[in-house]
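Participant: Sequence unavailable; structure follows:
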């Protein structure tokens, strides 16, 4: 390892680079561009992934929404155009007969005029069970969510969104225990939650499901349901099975595709995950291919350098220089060039990712959220680059030592 600290060694490398400034500069730029491209593309891919995860937020991704619509086919005496009204009893039948279900939540919604003192506004009112908080975790600022006691006793309590609080309450006013009027009925505020920045379900105010059904005279009708599957279950299959049961219960033609509406978050999440995986693979492929092309350029420039220094190498060999010493010199030059190019590529790549984050990664409409590259990934790329530099340096090094000293001295 002493040769690494040998002044003559580095003087020779400096002299070789100085003689071929333009050619060396272009070669370094080629390698630098490869690792720069790799860092930027990986960072951008991570930014897209972060943005996608932010979109789903704390919502259970293995979920499906199902609601009733109008039939498009006559069946068992019912004409086309029958409105499908889902029932609360459907929940137990689906839960008992469909395999792989983790959670299921019936939901009812309606609009309503909400008043407090001299402030008022129109908001969406949702009748919910406590299980909803497990499907979409509410980011509570104060208080709690609906609980089983509220359901059993049909309590007139509510959990309000931050937007409702801003419109009905004074700044910094404590809302818990205060009364608000929803369509002329007083409810006590038991919780305040932040507005969701991800999937919006139109929830401004939550009240107990049983209270909602009674107040709005819904009987056993529900608007829609959310079903989540176990991690090892297919949410696509769960949706098919649940819809089949609902079609049997509500006398819907088996091939009627319009009678039941649905959004399958799990399927969307799976497709997006596959897209991200493919994008990361393409990123690595393009980055590494560009990197290898740059490293080969270094090998070419060193081969030319060896040819130009044939006489010098011959003199060194004649004076007793061992083949390994000549090889070592050329390999060290190759590693030095690739290391410099790699360091510059990583630095410029990091700078570009900072610019991307500052311009495209801020605000609610951000398209790339926190585009970064993990340090282990950068280290692996750097080590790979040095390894390739060493490997490619062996070619001109072997060429150099294969020249016989007597032939090298005759070279004009």
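Facilitator: Perfect, thanks for sending it. Just so we're clear, the structure is a prediction, and the values are computed from it rather than from any experiment. Numbering: from 1, shown residues only.
Participant: Give me the below-cutoff pLDDT ranges for this structure.
Facilitator: 1-20, 23, 55-60, 197-200, 298-299, 301-330, 363-367, 389, 393-412 (pLDDT under 70).
Participant: what about the longest helix in it?
Facilitator: Secondary structure of the chain read by DSSP state H shows that its longest helix is helix 265-308.
Participant: For residue 222, which residues count as its bridge partners?
Facilitator: Beta-bridge partners of residue 222, counted by DSSP bridges, are residue 86.
Participant: Surely it touches residue 107?
Facilitator: Yes - using Cβ atoms under 8 Å as the test, residue 222 is close enough to residue 107 to be in contact (6.5 Å). All C-beta spots, glycine's among them, are computed from the backbone N, C-alpha and C.
Participant: Can you list phi and psi of the residue sitting nearest the centre point of the chain for me?
Facilitator: The centre of the chain sits closest to residue 49, judged by Cα atoms, centre = their mean, with a distance of 1.8 Å. Dihedral angles of residue 49 (phi, psi; degrees, to the nearest 10) stand at phi -60, psi -40.
Participant: what ranges do the helices span in the stretch 301-412 of the chain?
Facilitator: 310-318, 323-360, 375-402, 405-410 (DSSP state H, counting those that start in this stretch).
Participant: returning to that earlier point: report the contact partners of the closest residue to the residue nearest to the centre of the chain other than its chain neighbours.
Facilitator: Leaving aside its chain neighbours, residue 49 sits nearest to residue 276 (5.2 Å; criterion: Cβ to Cβ, 6 or more residues apart in numbering). With contact set as Cβ atoms under 8 Å, 6 or more residues apart in numbering, residue 276 has these partners: 45, 48-49, 52.
Participant: Now compare the residues you listed and name the two farthest from each other.
Facilitator: 45 and 52 (10.7 Å; Cβ to Cβ).
Participant: What is the neighbour count of residue 142?
Facilitator: 15 (other Cβ atoms under 10 Å).
Participant: gap between it and residue 193?
Facilitator: In this view, residue 142 and residue 193 are 9 Å apart by Cβ to Cβ, to the nearest Å.
Participant: do the same with residue 334
Facilitator: For residue 334, the distance to residue 193 - Cβ to Cβ - is 60 Å.
Participant: again, but for residue 254
Facilitator: Computed as Cβ to Cβ, the residue 254 to residue 193 distance reads 41 Å.
Participant: Give me the secondary structure label for residue 110.
Facilitator: Three-state assignment for residue 110 (DSSP: H, G, I helix; E, B strand; the rest coil): strand.
Participant: hang on, it packs against residue 125?
Facilitator: Yes - with contact defined as Cβ under 8 Å, residue 110 reaches residue 125; the gap is 5.4 Å.
Participant: Those two - which one has more neighbours?
Facilitator: Per other Cβ under 10 Å, whichever of residue 110 and residue 125 has more neighbours is residue 125, with 24 against 15.
Participant: who's in contact with that one?
Facilitator: Counting by Cβ under 8 Å, 6+ apart, residue 125 has contacts 109-112, 182-183, 204-205, 207, 212.
Participant: between the residues you listed, which is closest to residue 230?
Facilitator: So of the contacts of residue 125, ranked by how close each gets to residue 230 (Cβ to Cβ), first place is residue 109, at 27.1 Å.
Participant: Which residues are in contact with that closest one?
Facilitator: Per Cβ under 8 Å, 6+ apart, neighbours of residue 109: 124-127, 202, 223.
Participant: Thanks again, I'm all set now.
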